[in-house]
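In: Can you look at this prediction? I've put the sequence above it.
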Amino acid sequence: MNNNFQLKGLLLKFPPQLKKLLLFFVSALIFGFVMGMEIVYETTNFNSKGIEENFLGNENNEDAETLIFKKSPREIRTMIHNHVLSLSVLFLVFSLLTLMSSLPKNIAYILAIEPFISLFLTFGGVYFLWKGVIFMKYIIFASGVLMSITLIASLLFIIKDLLKK
């Protein structure tokens, strides 16, 4: 049995039709990701106070422009369930494509694994924030930023390899 199977550089060897298909797929995912970031911005203003209010509400803030109620147990569990399941599949696809890119193995592996770590920290953090562990809003913010940076970096390397002749 040959244990020398290499993922590194495999994207460069794909036929042009498969590269084009993957380019359209990655482009659609980028579009969906950008729309998701717009929703996050609208609901949190990309800051820790916004994260806290989005999940815990702002009923006690008399100066709030918009009244936000604490998420119900069903809402929080549904949101976490939907995000973790869908993002896990998305990250698996990106991770496999990243491992098949021409990146050095160690960098590709870090970019492939990190989104899963951030996924646990972000949505585990959401659950614990909702349960009243307020400092988790900082973990959610930091892991969300790291997840986004990692995903964008992976996408750029994947697209670069898909565009090579």
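Out: Yes, it's here.

In: Excluding chain neighbours, what is closest to Phe94?
Out: Leaving aside its chain neighbours, Phe94 sits nearest to Ser154 (5.3 Å; criterion: CB to CB, 6 or more residues apart in numbering). Where C-beta positions appear, they are placed from N, C-alpha and C, glycine not excepted.

In: Which positions within the helix or strand where that neighbour lies qualify as buried?
Out: Assigned by DSSP states H and E, Ser154 falls within helix 136-163. Using 16 or more other CB atoms under 10 Å as the test for burial, helix 136-163 gives 136-137, 139-141, 143-144, 146-148, 150-151, 153-155, 157-159, 161-162.

In: List the contacts of Ser88.
Out: If a contact means CB atoms under 8 Å, 6 or more residues apart in numbering, then Ser88 has 116, 119 as its contacts.

In: how close does the residue most central in space within the chain get to Glu65?
Out: With distances taken as CA atoms, centre = their mean, Met147 lies nearest the centre of the chain, 5.0 Å away. For Met147, the distance to Glu65 equals 29 Å [CB to CB, to the nearest Å].
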